[in-house]
Structures are given as C-alpha cells and as structure tokens.
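> please work out how this folds:
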Amino acid sequence: MTLPLSEIEVRVLGALVEKETTTPEYYPLSLNALVNACNQKSNREPVMTLQEDAVRHALRSLSEQALVRSAGGDSRVPKFEHRLNELFNFHRHEIAVLCVLLLRGPQTPGELRTRAERMYAFEDLESIHAALNLLMRRDPPVAKILPREPGTKESRYMHLFSGDSVPATLSNVERVAASASNPESERIQILEQQVSQLKSELLALREQFADFQKQFQ
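Reported below is the predicted structural model:
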C-alpha cells in the first residue's frame, strides 16, 4: 500500500466502505453504482461530480495498492469491493468512524456520533473517543486530532490516508474532479458544485440544530 491517496481515491474507498454496511444487498458495487455513490449529494463533503473514467482510474490505483479488488461472482458486470478489513482488521466501530472521515473530511466527535449512526450505534461520546483512540494508536496511525479552532468547543479529527496535512479546499477538489473540456462548461460545473456544497452545509446545520433540540426534549 502506497499512501497518500488522492481526493478521488479517498472518495471511492469511502463509498465502498459505506455501501457495504448501509446497503449490503447491493454490495459489491458495479462501476455505475460506485460512480453514483461517489457523486451522492447527501453525507458527502465536498459534493463531487466525478466521471466514470476518473473513478475507473482511482479503482486501478487502489487495486494496485491492495485496498480494492474486483469481486468474483456470476454477474457479467464487474463489481468492486474494498479490502480495509483484511488489511487492518478494523472493529465495526472503528470502520464506521473512519468511513465518515473518508466521506466528509475532518469531524468533531459529536458530528461523528451523529453521522456514523447509519453504520454503528454509538452509545455516547466516550465510545466515539474510544474508536478514535484505536485508530490513532494503530501502527501506522490512520487518524489524528487537529488543533482546536478558535471559538470552538470540540477538536476535529481527520483520517491519514491522504497524509497528515489538512485536506484540500473545495476549489482544489473541483479542479481535480472537473472533467469538462471547455472553459464555459467547466465554469458551470464549478458553480453547480458550489451550490451542492452549500446544500450540504445547510444539511449539516440542520443536523446540528436537531441535536440541539434533543437537549430540551
């Protein structure tokens, strides 16, 4: 395995991990299903618009690093699955936390507890911290804590599959993900992605407000 992974490789890997748990009946994923999972507008930060060729290229790179493989079976359509559990022997709560970090970037423990709920039911924040500590204590570590930002109560955590620097900004991701060949089409695509990102941020704010309301129920 050769790290760090690109943004697209991280998205492909995270999408495979997520779908294995949330929709096991459709897993492993065909290339078309994987493209749709990567470009999903919910539970993704940032929202991407990846083309089939970009996902195919990421699959090839991940396969060379033994992180992904083509799944056997009777289907004529090639399907793909991740190999993280074989390589790292993750516990269920670890893989749930790692999946959110892969798909949504740096997160606070509170955000992780809410957003990992579809994959694993964490009882409290202590159980989230326990999973994070396991990820950080691995050899080599696959997660780390970031310095607390001014005005915030919780520190954020990030995965280390793309190295130990803070993830690229949305504009950088857009440059990687954009596939249009002419300037006008590329400009429209970037604007569409920015709108999608704003929708994603609005969804995150709604989740935080819902958590806040629960304190008074």
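> would you list every one of the strands in this structure?
Assigned by DSSP state E, the strands in the chain fall at 29-30, 68-71, 79-82, 143-145, 157-159.
> who does the first one pair up with?
For strand 29-30, the pairing partners within the sheet under DSSP bridges are strand 79-82 (antiparallel).
> so for the partner strand, what's the average pLDDT?
Mean per-residue pLDDT for strand 79-82: 96.
> over to stretch 103-114?
Mean pLDDT, stretch 103-114: 96.
> in it, which residues are buried?
103, 104, 105, 106, 107, 108, 109, 111, 112, 113, 114 (16 or more other C-beta atoms under 10 Å). For the C-beta atoms, the positions are set from N, CA and C on the backbone; glycine is no exception.
> can I get it as PDB, trimmed to CA atoms?
The C-alpha coordinates for stretch 103-114 follow below in PDB (Å, rounded to 0.1, in the frame of the first residue of the first chain):
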ATOM      1  CA  LEU A 103     -16.500  10.800   3.100                       C
ATOM      2  CA  ARG A 104     -16.900  14.100   5.000                       C
ATOM      3  CA  GLY A 105     -13.400  15.200   6.000                       C
ATOM      4  CA  PRO A 106     -12.400  16.400   9.500                       C
ATOM      5  CA  GLN A 107     -15.100  16.000  12.000                       C
ATOM      6  CA  THR A 108     -15.700  16.600  15.700                       C
ATOM      7  CA  PRO A 109     -16.700  13.700  18.000                       C
ATOM      8  CA  GLY A 110     -20.200  15.000  18.100                       C
ATOM      9  CA  GLU A 111     -20.500  15.100  14.400                       C
ATOM     10  CA  LEU A 112     -19.000  11.600  14.100                       C
ATOM     11  CA  ARG A 113     -21.600  10.200  16.500                       C
ATOM     12  CA  THR A 114     -24.500  11.600  14.500                       C
END
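> how far away from the center of its chain is that stretch?
10 Å (C-alpha atoms, centre = their mean, to the nearest Å).
> name the residues that touch that stretch?
11, 14-15, 18, 43-45, 97, 100-101, 115, 122, 124-125, 128-129, 132, 146, 152, 154-158, 166-167, 204, 207-208, 211 (C-beta atoms under 8 Å, 6 or more residues apart in numbering).
> run the last query once more with 6 Å
Residues outside stretch 103-114 that contact it (C-beta atoms under 6 Å, 6 or more residues apart in numbering): 14, 44-45, 97, 100, 122, 125, 128, 146, 154, 156, 158, 167, 207.
> the bottom helix or strand of the protein by mean pLDDT?
helix 170-177 (a mean of 41; mean pLDDT, DSSP states H and E).
> grab the most central residue of this protein for me.
Centroid-nearest residue in the chain, with C-alpha atoms, centre = their mean: residue 103, separated by 1.4 Å.
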